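Novice: quick one, structure for this:
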Amino acid sequence: MDRSAKTDKLNTVVNSLEKLLQFVDIYLPLANCHVTDFILSGQWEKFVPRNVRVELLALNDEELSKFPSGQHLPRVSIFQSNGAPCYNLDSDLPEDSVIDMNDGAVADAIYSNTLALEETVECTIGTDEEQNGFHRFHPSLGKFVAAARSNTLPYLNILTDIKSLGVGSLVTDDNHDNMRRNNQFMSTKKSYEVSIMSKFCARLIAQHDINKVVDVGCGLGYLGCDLVLCHGMTVLGVDSSKRRTDAADIRAKCLKKQWLGMIQHMKKEVTAGLDASTKTDHSRETEETMKLRCDAFHIVTHFINSASNLDNLIQQHLQTAESNSRLLVTGLHTCGDLAADLIHLFLSSSSSQVLCNVSCCYNLMTERFSDNVSHAADGNLLSEHGFPMSKALVEQRCCLGSNARMLAAQSVDRTANKNKIPAISLFWRSLLQVILFELVGEISENWCIGKLASKCSTFYDYVQAALKKLNITKSISESDVEGYAVKYHHYYRKIQCFYQLRTCLGPCIESIILLDRLAFLLEQENVEDAHLVQLFDPVISPRCYAIVSIKNHTVDV
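Specialist: Below you'll find the model as predicted:
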């Protein structure tokens, strides 16, 4: 890619980021609210316009589970009490319009004829203080969902078609054969991810004359083992946890023994006259070759950050001169800031030629402009942070917020596929917050309840377990707890709706994080090109996007 084309691509990415931020900025207060305070803080009334509440409460369970993914969203008209339509939410306003909740005339036009229906589904609680400072919202649920979906990676014209990278199909007979063997050593989900990622990396390796792979955050060594055994690569697996690297080493040794046995079994199957399509390269290899291949996975415990020296690690643990190394730097579901650190390592290493990374756990990522970021006495940052990375977002001092990043780690596609709606534990936790406030007189940000609900058969048991865990000595009777449950029962459906409404924002926030990294790579002088590709089926593996980058002194992808 020439400099002009690279600049054009960077401008396209930055423009998409600007579009995304214009949408997300409106809804960051919604994304960053604490759902534990749903009842106590009146979030239903504060964040959701009345007409959208009506639409949400009209959804059945299947529609509720699917609407964040853009499926099963009915076109809703609000009816008067006599059944006559009074306001069509999907046609009477401009397609891209956003309600200004401070405009009384606009608000009245939408709200004036919705109260009768809202009362019939029992969703009004007292008076409504006109959104309590949350002033903008799209005019209907359908328009909100459509706007949210249009601001996600599949609809922004940013993703690179994987076939255009020249790697061909990643789902082949060999791939299924690898998965069949891998299923004996890992979960079905992990087997799917490893098989696809390994084959993708192998194609990049072949294209760019790579001779070594560094698997950062290797964990139990799933990807590294597959690259060694299925594709004949020399791999250095690096993880900060000695417990994980020890386990990976043990697993690799066990896998070596079983792998050789499986290869011998496959040879017997082939010679027994199975169809040629089932025959793989492994069936032709000698046992000696396979033993050498199994010894090519090296595992080291090392804490990786943006200041680490990748070239030194290679020389130290693979006993290879730097000039002889052409590295692919990879990581499958690198957690939190490790994804950003991996990018910095790739850029600073003279041996690194290609980057292929799939990240996860955005909730564990640190933000440069967050209030709780650590600074030195001179005001400078103590270390690199995971977000933002690009010049455009650094100049804007962009900050998403911890709860927004938590949303980015959720999956609307898997939820829709499994017809899942929020469990009663979500309601229990928000109602517990009311009880705690009235018992203690205050709420502490340090209270952590955890997953107590799964261990409790009744709400009373849950309250008692929570009081014990929080070391709160004040007591409450079973009848009083039951009284709270009866008084606030109508919030159960509302919190389910509210939770799903917030979930719509998750893919938008993930898109901002990934486009920020893509823009950062395209800004670098030593980067020839960078891509975002959808590597996995999001229902099977929700964190499905890979960042691929090639240094400018390699063959152009």
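Novice: please count neighbours and contacts with C-alpha atoms only from this point.
Specialist: OK.
Novice: contacting residues for the spatially most central residue of the chain?
Specialist: Within the chain, one residue has its C-alpha closest to the average C-alpha position: by Cα atoms, centre = their mean, that is A409, at 3.4 Å. Shown in contact with A409 (Cα atoms under 8 Å, 6 or more residues apart in numbering): 360-363, 506, 510, 543.
Novice: which residue ranges form the helices in the stretch 251-400 of the chain?
Specialist: Ranges of helices in the stretch 251-400 of the chain, per DSSP state H, counting those that start in this stretch, are 287-294, 310-318, 338-348, 391-395.
Novice: typo on my end, the stretch 401-550 of the chain
Specialist: With helices called from DSSP H, counting those that start in this stretch, the stretch 401-550 of the chain shows them at 402-408, 412-417, 424-440, 459-469, 478-487, 491-503, 506-523.
Novice: helices or strands next to the first one in the packing?
Specialist: Meaning helix 402-408. In terms of contacts (3 or more Cα pairs under 8 Å, 6 or more residues apart in numbering; DSSP states H and E), helix 402-408 is packed against helix 3-31, helix 506-523.
Novice: tell me which of the contacts of A409 fall in strands.
Specialist: Among those, DSSP state E puts C360 in strands.
Novice: redo the helices and strands packed on helix 402-408 as JSON lines? Include mean neighbour count, mean pLDDT and distance to A307.
Specialist: Below are these laid out as JSON lines (neighbours: other Cα atoms under 10 Å; pLDDT from 0 to 100; distance: least, Cα to Cα, whole Å):
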{"stretch": "helix 3-31", "mean neighbour count": "17", "mean pLDDT": "95", "distance to A307": "26"}
{"stretch": "helix 506-523", "mean neighbour count": "23", "mean pLDDT": "98", "distance to A307": "17"}
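Novice: mind putting those helices into a markdown table with distance to D161?
Specialist: Shown next, in a markdown table, are the helices and strands packed on helix 402-408 (distance: least, Cα to Cα, whole Å):
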| stretch | distance to D161 |
| --- | --- |
| helix 3-31 | 15 |
| helix 506-523 | 15 |
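Novice: to S308, which of those helices lies closest?
Specialist: Among the helices and strands packed on helix 402-408, helix 506-523 comes nearest to S308, with 18.4 Å by Cα to Cα.
Novice: that closest one vs helix 338-348, what angle?
Specialist: Computed by axes from the mean of the first three to the mean of the last three Cα atoms, to 10 degrees, the angle separating helix 506-523 from helix 338-348 equals 10 degrees.
Novice: list the contacts for R543?
Specialist: Residues near R543 by Cα under 8 Å, 6+ apart: 333, 358-360, 409, 536.
Novice: one more: T366?
Specialist: Applying Cα under 8 Å, 6+ apart to T366 gives the contacts 336-337, 373, 385-387.
Novice: okay, now the unreliable bits of the protein?
Specialist: The chain contains residues with pLDDT under 70 at 72-135, 171-185, 244-246, 248-295, 320-323, 372-383, 553-557.
Novice: at 50 what do you get?
Specialist: Filtered on pLDDT under 50, the chain yields the residue ranges 75-133, 173, 179-180, 266-267, 269-284, 375-382, 554-557.
Novice: just the strands in the stretch 151-300 of the chain please.
Specialist: 212-216, 234-239, 297-301 (DSSP state E, counting those that start in this stretch).
Novice: would you convert these into CSV that also reports distance to M1 and mean neighbour count?
Specialist: As requested, these are exported to CSV (distance: least, Cα to Cα, whole Å; neighbours: other Cα atoms under 10 Å):
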stretch, distance to M1, mean neighbour count
strand 212-216, 24, 26
strand 234-239, 29, 25
strand 297-301, 34, 21
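Novice: tabulate those (TSV), appending distance to I547.
Specialist: Conversion of these to TSV gives the following (distance: least, Cα to Cα, whole Å):
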stretch	distance to I547
strand 212-216	14
strand 234-239	19
strand 297-301	24
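Novice: how about the nearest residue to L310, chain neighbours excluded?
Specialist: Closest residue in space to L310, ignoring its immediate chain neighbours: S349 at 6.0 Å, by Cα to Cα, 6 or more residues apart in numbering.
Novice: ranges for the helices of the stretch 1-150 of the chain?
Specialist: According to DSSP H, counting those that start in this stretch, the stretch 1-150 of the chain carries its helices in the segments 3-31, 43-47, 50-57, 61-66, 104-111, 115-120, 141-150.
Novice: so for L342, which of the ones you listed sits nearest?
Specialist: Nearest of those to L342, taken as Cα to Cα: helix 3-31 at 20.4 Å.
Novice: could you figure out how far that closest one is turned away from helix 491-503?
Specialist: Orientation of helix 3-31 against helix 491-503 (the same axes, to 10 degrees) gives an angle of 170 degrees.
Novice: which strands and helices sit next to helix 3-31?
Specialist: Against helix 3-31 (3+ Cα pairs under 8 Å, 6+ apart) you get strand 136-137, helix 402-408, helix 506-523.
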